[in-house]
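Peer 1: Sequence first, then the predicted structure:
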Amino acid sequence: MSDEPSREAVAHHESGHFVVGELVGERHSVVTIEPRPRRVGGVRLGGVKAYTDPFDAPQADARRTRAAVVCYFAGPAAQRRFDGSARPESDAESAQALLAAIGAEAEEAALRAEAERLVAVHWAAVTKLAEALLRFGTLSERAARHEVVTAIATPLTET
């Protein structure tokens, strides 16, 4: 049996990153569940390089760095909500490195909790985007944002 997560788990994981990124102002240019070297999916940041290399995190932009940390924690939070598992440790390591770069290691638990909260509140958007990723494999920012906005705009029906 493989240690790799299912495509469904990867879709929810990457959707968590994307949806929460949209909410906290971390833009992504693409979201995919297609395998890449050493990865089984991913989101590509569409913004500042500082958030792809933890050692470039600027002290002056600590708010945006915290937003990026919440975004890192959102992927595992969504995967955990979907199937009880969480991967990869690299998300946590990247988030911890960013926090260390701005001297905010003590905020890790609060930022993890914020990621969990945002995933729970916007679960409909996470699942709608995950469904689209399972159909198409990769979505541009525009296509992914359309899925998210459609899910948020859809009124809940009483059962």
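Peer 2: Yes, it's here.
Peer 1: Nearest spatial neighbour of Val20, chain-adjacent residues omitted?
Peer 2: Leaving aside its chain neighbours, Val20 sits nearest to Ala74 (3.5 Å; criterion: Cβ to Cβ, 6 or more residues apart in numbering). The way it works is simple: take the backbone N, C-alpha and C, and place the C-beta from them, glycine included.
Peer 1: what's the distance between the one you found and Gly103?
Peer 2: For Ala74, the distance to Gly103 equals 23 Å [Cβ to Cβ, to the nearest Å].
Peer 1: Over to Thr138?
Peer 2: The value you get for Thr138 to Gly103, if Cβ to Cβ is used, is 36 Å.
Peer 1: of these two, who's got more company?
Peer 2: Between Thr138 and Gly103, counted using other Cβ atoms under 10 Å, Thr138 has the larger neighbour count: 16 against 10.
Peer 1: Would you mind naming the residues that bridge with that one?
Peer 2: Applying DSSP bridges to Thr138 gives these bridge partners: Thr32.
Peer 1: for it, what are its contacts?
Peer 2: 30-34 (Cβ atoms under 8 Å, 6 or more residues apart in numbering).
Peer 1: one step back: can I assume the residue nearest to Val20 is in contact with Ser15?
Peer 2: No. Using Cβ atoms under 8 Å, Ala74 is not in contact with Ser15, being 9.1 Å away.
Peer 1: From the contact counts, what lies against the longest helix along the chain?
Peer 2: In the chain, with assignment by DSSP state H, the single longest helix is helix 62-83. With contacts defined as 3 or more Cβ pairs under 8 Å, 6 or more residues apart in numbering; DSSP states H and E, the packing partners of helix 62-83 are helix 7-24, helix 89-101, helix 108-121, helix 123-136.
Peer 1: can you tell which of those helices is closest to Gln79?
Peer 2: Gln79 sits nearest to helix 7-24 of all the helices and strands packed on helix 62-83, at 4.0 Å, using Cβ to Cβ.
Peer 1: Next, the angle from the closest one to helix 123-136.
Peer 2: 130 degrees (axes from the mean of the first three to the mean of the last three Cα atoms, to 10 degrees).
Peer 1: how far does helix 7-24 sit from the chain's center?
Peer 2: With Cα atoms, centre = their mean, to the nearest Å as the basis, helix 7-24 stands 4 Å off its chain's centre.
Peer 1: what is the mean pLDDT for it?
Peer 2: Average pLDDT, helix 7-24: 93.
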